[in-house]
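Trainee: kindly return the folded structure for what I paste below:
(one chain, ligands or ions: 1)
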Amino acid sequence: MYAYHKKMSKKDLRFNSKTIHGGQHPDKAYGAVMPPIYQTSTYAQTTPGGHQGYEYSRSGNPTRTALENALASIENGNYGLAFASGLSAMDAVIKLLEPGDEVISTNDLYGGSYRLFRRVFEKYGIKFHFVGMQDINAVAEKINNKTKLLWLETPTNPMMNVVDLEAASQLAKKHNLLLAVDNTFATPYLQQPLDFGADIVMHSATKYLGGHSDVVVGALVVKDKELAEKLYFIQNASGAVCGPMDSFLTLRGIKTLHVRMQRHCENGEAIANYLAKHPKIEKVYWPGFKSHPNHEVARKQMKGFGGMISFIPKGSSFEDAVKIVEKLQVFTLAESLGGVESLAGHPASMTHASIPKEEREKSGVVDGLIRLSVGIEDVDDLIADLEQAIG
Ligand SMILES: *Cc1c(COP(=O)(O)O)cnc(C)c1O
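Mentor: Purely as a prediction, here's the structure:
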């Protein structure tokens, strides 16, 4: 955890410049424009404690610092922390809590997040409640004197529900709760939760921030120094840090985030509209539709609607959905999302298989649901591919 260097912070830059320059400066040794991959575990000391700011790469590494500064910049925070994965970043947040504490979260949470909460942390005495957080009153009803944290995703995965960040933040402040937002789907290009009053932004940088399906990386960004110090203590004490090579690749990905997101949004819109008109499609979930139940909230807090779309073919059987995803040729059938290439997934048997069927279906993740991560290929090729697969 390094404070996003004030002199180099370039805080006044607009977002599309921050992705490239935010928190960055040429390397001290030879002026390298991109930070070198400091592939080292340790650093020479002249006398015990006599070092240049780095002593061991779990505690800090200059390539990771460059990434952490970029993360802080693009999310309008003061401190960034880079982890070995999105889930290890979440793990660090939950470790702020004590046995007996309670957390309220979205009911159509990313499957791995749900598994971390229920199967890892519940046995340490932390209790999790899952509600449809798009209804902020439902959240308020679950708050009691043990509640410490609201954990939300917006848009949610894979149902594309949108949670009102401003309302959630007001509720959190009123009850003195921490508000953490998983911003993986939207990215800071579309929404910056700290600006709405969130305390912690979390990313699976594996997805859009990295953007090229070549790393597994996680991130946290906060404004508050004391909170940053607590999280840094956990990051260093637990040790799930982002390595130098992955830091470099993620930083390189961030430099084109705005250009990629623009195309993800354009292609996403075209495909959402194509699916919505298709006679063999029952339902399409995408927050850009006027008919989306949280469309107004999405318009208020997001600059666009992204390239994540879920849909259900007519009949909505497990077999129909599987047949379609198997036929796709430009879309790759795979877990994950947010890369330049288009991916298709079947949540019931893939990303959300770790959530019991009954729980899953309550939040709409039915057997027929297909999730698309629309990439940045030529949209006509993507539509032609869907056309031949849906038939
Ligand atoms: C992938 C993902 C995660 C988990 O991140 P990893 O990098 O795979 O550990 C968490 N939240 C969301 C929304 C995700 O898509």
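Trainee: make it CA atoms for all contacts and neighbour counts henceforth
Mentor: Will do.
Trainee: tell me the mean pLDDT for stretch 243-256?
Mentor: Averaged across stretch 243-256, the pLDDT comes to 98.
Trainee: please work out which residue of the stretch 201-350 of the chain is closest to the ligand.
Mentor: Residue nearest to the ligand within the stretch 201-350 of the chain: residue 204 (4.1 Å; Cα to the nearest ligand atom).
Trainee: partner residues bridging that residue?
Mentor: Residue 204 has these beta-bridge partners by DSSP bridges: residue 218.
Trainee: which residues of the stretch 101-250 of the chain fall in helices?
Mentor: Ranges of helices in the stretch 101-250 of the chain, per DSSP state H, counting those that start in this stretch, are 111-115, 136-142, 165-174, 187-190, 225-238, 244-254.
Trainee: including distance to residue 96 and mean neighbour count, could those helices go into JSON lines?
Mentor: Shown next, in JSON lines, are the helices of the stretch 101-250 of the chain (distance: least, Cα to Cα, whole Å; neighbours: other Cα atoms under 10 Å):
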{"stretch": "helix 111-115", "distance to residue 96": "16", "mean neighbour count": "17"}
{"stretch": "helix 136-142", "distance to residue 96": "20", "mean neighbour count": "14"}
{"stretch": "helix 165-174", "distance to residue 96": "16", "mean neighbour count": "19"}
{"stretch": "helix 187-190", "distance to residue 96": "24", "mean neighbour count": "24"}
{"stretch": "helix 225-238", "distance to residue 96": "7", "mean neighbour count": "17"}
{"stretch": "helix 244-254", "distance to residue 96": "24", "mean neighbour count": "23"}
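Trainee: quick one: closest of these to residue 367.
Mentor: helix 111-115 (14.9 Å; Cα to Cα).
Trainee: what about the helices of the stretch 101-250 of the chain, which gets the closest to residue 270?
Mentor: helix 187-190 (17.7 Å).
Trainee: what does the closest one rub up against?
Mentor: For helix 187-190, the surrounding residues in contact (Cα atoms under 8 Å, 6 or more residues apart in numbering) are 15, 74-75, 208-209, 257-258, 261, 302-306.
Trainee: quick one: pLDDT of residue 162?
Mentor: For residue 162, pLDDT reads 97.
Trainee: rewinding a little: Serialize the helices of the stretch 101-250 of the chain to JSON lines and add fields for distance to the ligand.
Mentor: Listed next are the helices of the stretch 101-250 of the chain as JSON lines, based on distance: least, Cα to the nearest ligand atom, whole Å:
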{"stretch": "helix 111-115", "distance to the ligand": "6"}
{"stretch": "helix 136-142", "distance to the ligand": "20"}
{"stretch": "helix 165-174", "distance to the ligand": "16"}
{"stretch": "helix 187-190", "distance to the ligand": "10"}
{"stretch": "helix 225-238", "distance to the ligand": "15"}
{"stretch": "helix 244-254", "distance to the ligand": "12"}
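Trainee: can you list the domain ranges for this protein.
Mentor: 3-254, 258-390 (automatic domain parsing).
Trainee: scan this protein for its longest helix.
Mentor: Assignment by DSSP state H gives helix 257-277 as the longest helix of the chain.
Trainee: in that one, which residues are buried?
Mentor: 257-258, 260-269, 271-272, 275-276 (16 or more other Cα atoms under 10 Å).
Trainee: and the angle for it with helix 244-254?
Mentor: Counting by axes from the mean of the first three to the mean of the last three Cα atoms, to 10 degrees, helix 257-277 points 70 degrees away from the direction of helix 244-254.
Trainee: what is helix 257-277 packed up against?
Mentor: On a contact count with 3 or more Cα pairs under 8 Å, 6 or more residues apart in numbering; DSSP states H and E, helix 257-277 meets helix 15-21, helix 187-190, strand 281-285, strand 308-313, helix 379-390.
Trainee: let me have the ones you listed in TSV, extended by mean pLDDT.
Mentor: As requested, the helices and strands packed on helix 257-277 are exported to TSV (pLDDT from 0 to 100):
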stretch	mean pLDDT
helix 15-21	96
helix 187-190	98
strand 281-285	96
strand 308-313	97
helix 379-390	98
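Trainee: looking at those, which is nearest to residue 33?
Mentor: Evaluated over the helices and strands packed on helix 257-277, closeness to residue 33 peaks at helix 15-21, with 10.3 Å, by Cα to Cα.
Trainee: give me the mean pLDDT for the helix or strand just after the closest one.
Mentor: Once helix 15-21 ends, the next helix or strand along the chain (criterion: DSSP states H and E) is helix 62-74. What helix 62-74 shows for mean pLDDT is 97.
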